[in-house]
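In: Here is my input; please provide its structure:
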Amino acid sequence: MSRICLDTSAYSHFRRGHPAAVEIIDTAREVFVPTIVLGELRVGFRLGKRIRENEKHLHSFLSHPVVSVVEVDDEAASHYAELWVDLRQAGTPVPTNDVWVAALALRSGSTILTYDEHFRVMDRVGSQVLRPS
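Out: Residues are numbered from 1 along each chain as shown. Predicted coordinates for the structure are as follows:
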């Protein structure tokens, strides 16, 4: 995969050195990090005991030349609405933040890298679901 959009679970596994996540992220030409993921990560940092260390690692990661933060805009909001309606009509609930991640992946033309199976139910967006070792 040359263009990937990280879910929170993918970044977390990458930081823990999970080989599949490390390989995919290290070889990607473009890595998109949704602002929603940044919020979820920072919640986890604040609930833990290593806030400064985690923020330092995140800042370093975000500074890499192939990494870009992707923000919600009008186009992403339209993708979100379409995904949400599709999911509701299919009776397949997905956490709201993950629908936003999918919308931002669509906007950036990237594939979601995740460990969360529920991304598979979103037909409009590609995903690679990894399994923990």
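
In: State the distance from residue 12 to residue 82.
Out: Going from residue 12 to residue 82 by CB to CB, to the nearest Å gives 28 Å. Yep, even glycine has a C-beta here, placed from its N, CA and C like the rest.

In: tell me the phi and psi of residue 112?
Out: phi -70, psi 130 (degrees, to the nearest 10).

In: Does it have any beta-bridge partners, and if so which?
Out: On the basis of DSSP bridges, residue 112 is bridged to residue 5, residue 127.

In: just to revisit the earlier point, and residue 12 and residue 82? Which one has more around it.
Out: Between residue 12 and residue 82, residue 12 has the larger neighbour count (other CB atoms under 10 Å), namely 17 against 13.

In: got the contact list for that one?
Out: Residues near residue 12 by CB atoms under 8 Å, 6 or more residues apart in numbering: 41, 44.
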